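Chemist: pasting a predicted model and its sequence here:
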Amino acid sequence: MAKCSICGKPAVVDLRYARRRFCAEHFIEFVERKIERSIKEYKMIGKRDRVIAAISGGKDSATLAGVLDRLRDRIGFELILLHIDLGISEYSRKSREASVRLAHRLGLELVIFDVKEMLGYSIPEMALRLRRRACSVCGIVKRYVMNAAGIELGADSVATGHNADDIGSYALKEFLFQNLENIGKLVPVSESIDNLAVRKIKPLYTVYEKESFLYSLLRELPYYHEECPHARLDSLDFTIKEFLNKLEEKFPSIKIQYVKMLARKGSNYPKIVEARSCRHCGLLSLGGECSFCRITRRLRKSPAGPMVRRYFSTLRNHS
Ligand code: Q46
Ligand code: ZN
Ligand code: ZN
């Protein structure tokens, strides 16, 4: 039986790319060290920072919250969890439950933003009325809510659970369509823009999807394992991920090398030059009205951005 490269106990995982095998305890330590190194190398979190970790209820969120929780005392930062309930039937109900259990298990504060309750429509209802794909509406809502929460709750950064597989496949997809500005956003840290956009960080930048899954499993962290029903398995994203997996099989560690290269060179990609303030809510927009205020104005006759900001600022005043 294969043995752990550190203690010699039976190994539970063989990481070919790292040429090491680990028992559960040393695998957990390996993942935590790797994330801590990325946090330091890319200067993601400083002492006394207030960090909001956006959690969906899935395995990557569990790993993100689980590792940040263990690092918060060592580095010395404050951690708050944010869950956005998208109102997507059973999937959202179970994801929310898992997020609540995760926060409870780690003893962390959890802020929940319920899309249907706040905006009057769930994501699928919004998509139907706007005649857009659920994922495109969902992306606009999630980005806006995370940013508004970050600004209003006074966060130094908002952390998301994107892993190396996600980042590699997004970057490749954007390259295929030559959306170069979007590749520039896939760096480990997107700096804040004064009062318009909060700083965003990706602590799982060099963690493989399989490692994230195994980490949350071995630590028995609560997470919901089903995919969102709107995630299409035949989609281009999925095929690109499969292609990268094939590359990785043949050339172990190529995905990590790829994202690390992206971290180094990502700032060379063109950036959106003119950041403006939305005339309704005052947050980041490109044309004077942000996408969130535009879609909610079409749905509800009045833009919902200011109301979302007020919701989070009230929470801050009560905490
Ligand atoms: S949650 Fe939202 Fe994803 Fe579901 S509707 Fe699409 S974007 S697939 S990460
Ligand atoms: Zn061991
Ligand atoms: Zn707006």
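Modeler: Yep, that arrived. Ligands and ions are numbered 1, 2, ... in the order given.
Chemist: okay, CA-based contacts and neighbour counts for the rest of this
Modeler: OK.
Chemist: residue 212 reaches residue 60, doesn't it?
Modeler: Yes - in this structure, residue 212 is within contact of residue 60 by Cα atoms under 8 Å, at 5.9 Å.
Chemist: of those two, who's got more company?
Modeler: More crowded of residue 212 and residue 60, by other Cα atoms under 10 Å: residue 60, with 25 against 22.
Chemist: pLDDT score for the more buried one?
Modeler: What the model reports for residue 60 is a pLDDT of 98.
Chemist: what helix or strand is it located in?
Modeler: Using DSSP states H and E, residue 60 falls within helix 59-71.
Chemist: ditto for residue 111
Modeler: Assigned by DSSP H and E, residue 111 falls within strand 109-114.
Chemist: parallel or antiparallel, which strands does that strand pair with?
Modeler: Partners of strand 109-114 in the sheet, by DSSP bridges, are strand 78-85 (parallel).
Chemist: chain center to the very next helix or strand once past the strand it pairs with: distance?
Modeler: Downstream of strand 78-85, the first helix or strand assigned by DSSP H and E is helix 89-106. Distance of helix 89-106 from its chain centroid, counting by Cα atoms, centre = their mean, to the nearest Å, is 16 Å.
Chemist: hmm, stretch 137-144 in reach of ligand 1?
Modeler: Yes - using Cα under 6 Å from any ligand atom, we find that stretch 137-144 touches ligand 1 at 138-139.
Chemist: chain center to that stretch, what's the gap?
Modeler: In terms of Cα atoms, centre = their mean, the centre of stretch 137-144 is set 12 Å apart from its chain centre.
Chemist: pLDDT (mean, whole number) over it?
Modeler: Averaged across stretch 137-144, pLDDT comes to 98.
Chemist: just the buried positions in that stretch, please.
Modeler: Within stretch 137-144, the residues scored as buried using 16 or more other Cα atoms under 10 Å are 137-138, 141-142, 144.
Chemist: run through who's touching that stretch.
Modeler: By Cα atoms under 8 Å, 6 or more residues apart in numbering, the surrounding residues in contact with stretch 137-144 are 84, 86, 123, 126-127, 291-292.
Chemist: what about the helices in the stretch 201-319 of the chain?
Modeler: Using DSSP state H, counting those that start in this stretch, the helices assigned to the stretch 201-319 of the chain run over residues 209-218, 236-250, 254-265, 291-300, 305-318.
Chemist: can you give me the angle the fourth one makes with helix 305-318?
Modeler: It refers to helix 291-300. Orientation of helix 291-300 against helix 305-318 (axes from the mean of the first three to the mean of the last three Cα atoms, to 10 degrees) gives an angle of 110 degrees.
Chemist: so what secondary structure elements neighbour helix 291-300?
Modeler: helix 123-130, helix 134-152 (3 or more Cα pairs under 8 Å, 6 or more residues apart in numbering; DSSP states H and E).
Chemist: list the buried ones in the first one?
Modeler: It stands for helix 123-130. By neighbour count on 16+ other Cα under 10 Å, the buried set for helix 123-130 is 123-124, 126-127.
Chemist: ok, back up a step: and the helix holding residue 60, is it in reach of ligand 1?
Modeler: No - taking Cα under 6 Å from any ligand atom as the criterion, helix 59-71 and ligand 1 are apart, separated by no less than 11.4 Å.
Chemist: can we start the residue count at 55 from this point?
Modeler: Yep, numbering from 55; the last one is helix 113-125 now.
Chemist: for that helix, buried residues please.
Modeler: 113-123, 125.
Chemist: gap between the closest residue to ligand 3 within the stretch 55-204 of the chain and ligand 2?
Modeler: Using Cα to the ion, the closest approach of the stretch 55-204 of the chain to ligand 3 is made by residue 198 at 8.5 Å. Plainly put, residue 198 is 43 Å away from ligand 2 if you go by Cα to the ion, to the nearest Å.
Chemist: cool, and residue 315?
Modeler: According to Cα to the ion, residue 315 stands 31 Å off from ligand 2.
Chemist: now do residue 306
Modeler: Per Cα to the ion, residue 306 is found 22 Å from ligand 2.
Chemist: gap between the residue nearest to that residue when sequence neighbours are not counted and residue 310?
Modeler: Among residues not flanking residue 306 along the chain, residue 71 sits closest, at 4.6 Å (Cα to Cα, 6 or more residues apart in numbering). Using Cα to Cα, to the nearest Å, we find residue 71 at a distance of 9 Å from residue 310.
Chemist: what about those two, which has more around it?
Modeler: Using other Cα under 10 Å as the criterion, residue 71 and residue 310 rank with residue 310 on top: 19 against 14.
Chemist: pLDDT wise, what is that one at?
Modeler: According to the prediction, residue 310 has pLDDT 96.
Chemist: and the gap between it and residue 222?
Modeler: For residue 310, the distance to residue 222 equals 9 Å [Cα to Cα].
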